[in-house]
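**Student:** just the structure for this:
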Amino acid sequence: MRRVLVTGATGQIGAHLCKRLQTERVEVHAVSRDAQVEHGDEIRWWRSDLRDADATRVLLAAMQPEVVFHLAACVTGGRGPQAVLPTLEHNLKATVSLLIALTEVGCERIVLAGSLEEPPDGSTEVCSSPYAASKWSVRAYARMFHALYKTPVVNTRIFMVYGPGKQPNARFVPYVISSLLSGEAPKVTGGLRKVDWIYIDDVIEGLLACAKSQDVLGDTVDLGSGHLTELRAVALLVAELIGTSVRPDFGAIADRPMEQERVANVQRTYDRLDWRPTTSLETGLRNTIAWFQTEIQQ
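**Tutor:** Residues are numbered from 1 along each chain as shown. The predicted model follows:
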């Protein structure tokens with residue numbers, strides 16, 4: 001990899017990926033709908049809306065990336081109809097626009113970021129949210145582009161990411177940590193849902209492995225730990241690691257309908273990539289708590 005494009009570079013995963021790529025002495029380009037200020041960090045920022053097919057063609061023709069990590073998305077767990085059009089536009093339409101342009105311009109590898117919310121291949125499950133439906137549709141288009149046009153695309157299903165870095169406070173781990181550090185009891189669900197948690201650094205290494213492996217083209221790769229842990233157990237572990245007597249208020253809010261419990265098919269991933277996660281849940285939570293504590297002190 002010499003010239004790499006990262007979409008969604010302002011998000012948690014994108015920001016970590018850009019930093020990791022810089023250690024590889026890669027020429028990093030990033031695209032955003034909003035103007036970004038360059039801070040001498042060797043990232044070349046471009047301003048464009050990927051939903052605009054013509055603008056995307058012009059952008060990629062000028063940039064000529066060899067590898068693309070497409071992380072930009074409208075991420076929402078909302079089940080309401082108001083989430084349908086934003087996820088359709090920003091997830092499906094933008095990705096298809098990008099795939100068309102890259103198929104025309106040419107590149108060596110496209111890595112798409114999918115979600116644990118998507119039903120697995122071959123499943124008859126109904127998508128549980130507009131977000132899940134948009135990501136499931138992206139996967140179908142990616143497979144079609146590879147089969148028909150030989151587009152070098154890889155789709156990933158990324159499981160529940162946590163770790164240091166700026167991110168929406170509404171996410172479970174950031175919300176629990178920030179609440180407990182301020183001495184407040186986080187108001188959460190009953191906490192019985194089981195989740196496959198994966199630390200941010202492990203996700204980054206998994207994405208890089210997807211960009212290099214020849215065994216995953218046109219396929220979907222699960223990036224997860226292969227283990228399920230209840231939300232309740234994670235919240236209580238956070239409280240223990242912080243050393244507070246405050247406990248989460250379990251059951252204060254209702255579970256969302258059709259919540260999914262899915263575990264990554266890690267053996268299949270291990271067989272296809274020279275990668276596996278190395279960070280335990282406790283170590284990852286310690287690192288995440290330390291980052292939040294530093295942020296509070298600044």
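**Student:** shaky segments in this structure?
**Tutor:** 35-41, 298 (pLDDT under 70).
**Student:** that one: strands as residue ranges?
**Tutor:** 3-7, 27-32, 43-47, 67-70, 109-115, 153-158, 160-162, 187-188, 194-195, 197-199, 220-223, 229-230, 249-250 (DSSP state E).
**Student:** give me the contact list for the first one.
**Tutor:** Surrounding strand 3-7, the residues in contact under the criterion CB atoms under 8 Å, 6 or more residues apart in numbering are 14, 17-18, 21, 26-31, 50, 60, 63-72, 98. All C-beta atoms are positioned from the backbone trio N, CA, C, and that covers glycine.
**Student:** how about that strand as CSV, C-alpha atoms only?
**Tutor:** Output of strand 3-7 as CSV, limited to C-alpha atoms (Å, rounded to 0.1, in the frame of the first residue of the first chain):
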residue,chain,number,x,y,z
ARG,A,3,-1.7,5.6,-1.5
VAL,A,4,-4.7,4.9,0.7
LEU,A,5,-8.1,6.5,1.0
VAL,A,6,-10.0,6.4,4.3
THR,A,7,-13.6,7.5,4.3
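**Student:** show me the contacts for the residue nearest to Pro86 when sequence neighbours are not counted.
**Tutor:** Sequence neighbours aside, Cys74 is the residue nearest to Pro86 in space, at 4.7 Å (criterion: CB to CB, 6 or more residues apart in numbering). Residues in contact with Cys74 (CB under 8 Å, 6+ apart) are Pro86, Thr87, Glu89, His90, Asn91, Tyr131, Ser134.
**Student:** now with 6 Å, please.
**Tutor:** Residues near Cys74 by CB atoms under 6 Å, 6 or more residues apart in numbering: Pro86, Thr87, His90, Asn91.
**Student:** how about Arg44?
**Tutor:** His29.
**Student:** could you measure from it over to Ser213?
**Tutor:** 26 Å (CB to CB, to the nearest Å).
**Student:** next, count neighbours for the residue lying closest to Ala61 once chain neighbours are set aside.
**Tutor:** Once flanking residues are discounted, Ala61 sits nearest to Val105: 5.6 Å by CB to CB, 6+ apart. Taking other CB atoms under 10 Å as the neighbour definition, Val105 ends up with a count of 16.
**Student:** does Val105 really touch Leu60, like I thought?
**Tutor:** Yes. Using CB atoms under 6 Å, Val105 is in contact with Leu60, at 4.8 Å.
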